[in-house]
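[1] okay, predicted coordinates and the sequence, questions at the end:
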Amino acid sequence: MSIACWVFAAGVLVAAFRIQNEASQPIGEGQVFVADADSIGHLIDNRLELDEAVRHARNSLAVEAVSIVDPSGEVVASTSDSLMGVELTNPLLAFGAQSNRFVALASPVSSDIAIDGVVEWPSGSVLYQVISPLSDGRSSLVHYDLSEMLERRARPDEVQPETIRLMTLGAVFAMIGAAVIIGHTRVAKRYRDVARESELLRQQSHELELANVELQKARHAAEGALAIAEEKIRVRSDFVLMINHELRTPLTSVVTGARLLKEGDLEAADSHQVIDAMVADGTRLQEIIDQILAVARLENQGLTSDLKVVSLDDLRASLGSSHAAIDEIDVRSHRTGIRVHTDLTTLRLAVASLVDNARTHGAQSVKVGLSAEQVIRPMVEVGKRPKVGIFITVTDDGPGIPEDFLPRIFEKFEKSSFSSGTGLGLYMVRIMIEALGGSVAVSTSPFGTVFQIALPAVLSPIMAATR
C-alpha cells in the first residue's frame, strides 16, 4: 500500500508540474503547437475513428476547433459540422496542407465555426490557425482563440489552482505512504503470526471434523449392527422357544400313546382313540417340519410360478377344491370378460395357509370371497396392489389380531404371545402373493379378521376400452 501511495503521489506531482509548465507556455512558442499536434497524431495512430479522435483532441487540448485536412486542402473530419467538406482558401494554410509542413498564423476564418449546432465564430472572425503535418500524409488544423492566448501570456509565471490542488494531494499521499512504511514491519510480522496460527487452527479443526465424521459413521454402523444382532438374537430365541413348544406337545402325545399301546392295558375303544390322537399329533409334527423346510426352500431357491390367464369360474372352482376347512365360497361383482393372471397352484397354497391360520387362531367359521371390487380398507398391506385387480378375501369369526402385533404379522417367526403355530404361515403367504405380482392386506376387529389378496386382472378389449 505504501508503494502504491508513493507511486500515486509521484504521478500526481508529475501531473501538477506538467499542468504548470503548460500553463506557463507563452503564446508564440512553437512547442505548444507541436505538442498539440503530437497529441492529435497519437490519437489517430491509436486507430481511433477520425470523428472520435478530433472530439477527444478538442476536449483534452481545450481549443476552439480541431479538424483533419487531406493533402488537397479539404476538411475530412472536424469538431464543427460547418467546417466539414470545406476547402482551405487561405493560401498559406493551403500550402502547409499540400506540402505537409507546419504553418501558424492569426487570420479570419473563411467559414462559420459551429459547436453543437450553435455558431460560435462566424465567418471573418480572427482565430489563430495552425496546420501541423501528421504521419499518414494528412494534416491537423487547430483553431485557437486569440483572447485566451493573450490571457495566458499575461500570467505565464502564475501558479495554477490545479497545480496547487494536485501538489497538495500528492503531499497527502506521500505522508500516508510514509506512515504506512513506519508501521508496516510490525503489522506485517503480527499478520504473519496470526495467519500462521489461524492456518494451524484451521487444519486442526478440519482434522477434528473428519475424525468426528468418522466417529459418527462408526457409531451409526455399530448401532445398526447391534440392532440387527439383537433382532436376530430375539428372533432366534423366539424361534427356539416356539419350536420347543410346538414340537414338544405333539411329540409328547405320540410318545405317551406309544407307551400306553406297548403296555397293552387299554381297551379296544381306548386304543383306537389313542391311535387317532397319535396320528393327529404326528401329522401336526409333519406339517410343522414341512412348513419350516418350505420356507427354507423359498428363501434359498425362490418361488417358481406358472402364471396363466384364467377365468373367474376356473378360479372359483380351484378355490373351492383347495381346502376342506372352507365353509363357503362367495362370488360378487362377477363381470363378464374379466379374468385373472395367476398361478392356481401357488394361489391355492396361499388361500389354504390363510384358512389354516384362521382355524389355528380360534376361528369357528371361515369364508372365502371372490370379487372384482376392493372389499376392505386395509390396516396393513404388503406387496404391490395392481391398478385393476381381482380380490380374494378370507374372512373368519375369530378373536381378531392385537393392534400392537399388526405391523409384524407378515414377518418371519412373528406370532402373538397367546397363539399357537410356527409364525411362518403368513410369511409364506406374503412370499407367494408377491411372486404372483399382487398384495395381501388385513383388517381386523374383536369380532373377526379379513385377509384380502389382490391379483392382477386382465380385461377384455371391450371392457378396457370403456375404462
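    Arrived safely, thanks for sending.

[2] now for the helix or strand containing Q203, which elements pack on it?
    Assigned by DSSP states H and E, Q203 belongs to helix 161-263. In this structure, helix 161-263 packs against helix 2-23, helix 268-301, with contacts taken as 3 or more C-beta pairs under 8 Å, 6 or more residues apart in numbering; DSSP states H and E. For every residue, glycine as well, the C-beta is placed using N, CA and C.

[3] quick check: mean pLDDT across the last one?
    When the per-residue pLDDT values of helix 268-301 are averaged, the result is 70.

[4] give me the next element, helix or strand, following that helix.
    Counting by DSSP H and E, what follows helix 268-301 is strand 308-311.

[5] chain center to the very next helix or strand once past that next one, what's the gap?
    Per DSSP H and E, strand 308-311 leads on to helix 312-320 as the next helix or strand towards the C-terminus. With C-alpha atoms, centre = their mean, to the nearest Å as the basis, helix 312-320 stands 53 Å off its chain's centre.

[6] for stretch 344-354, same thing?
    47 Å.

[7] average model confidence for it?
    pLDDT averaged over stretch 344-354 gives 84.

[8] quick one: buried residues of that stretch?
    344, 346-354 (16 or more other C-beta atoms under 10 Å).

[9] among those, which one lies nearest to P71?
    T346 (106.9 Å; C-beta to C-beta).

[10] care to break the protein down by domain?
    Annotated domains of the chain cover 25-156, 308-466 [automatic domain parsing].

[11] which stretch among the ones you listed comes nearest E230?
    That would be domain 308-466 among the domains of the chain, by C-beta to C-beta, at 14.7 Å.

[12] before we go further, P456 is sitting in a strand, right?
    Yes. Per DSSP: H, G, I helix; E, B strand; the rest coil, P456 lies within a strand segment.

[13] so who does it touch?
    340-342, 386, 388-390, 437-438 (C-beta atoms under 8 Å, 6 or more residues apart in numbering).

[14] mind redoing it with 6 Å?
    P456 is in contact with 341, 386, 437, counting by C-beta atoms under 6 Å, 6 or more residues apart in numbering.

[15] which among those gets closest to Q286?
    Of the contacts of P456, the one sitting nearest to Q286 (C-beta to C-beta) turns out to be G437, at 31.4 Å.

[16] next one: the closest residue to the closest one other than its chain neighbours from S311, what distance?
    Leaving aside its sequence neighbours, G437 sits nearest to P456 (C-beta to C-beta, 6 or more residues apart in numbering; 5.3 Å). From P456 across to S311, the span is 14 Å (C-beta to C-beta, to the nearest Å).

[17] related to what we said a few turns ago, mind checking which of the contacts of P456 are in strands?
    Among the contacts of P456, the members falling in strands (DSSP state E) are H341.
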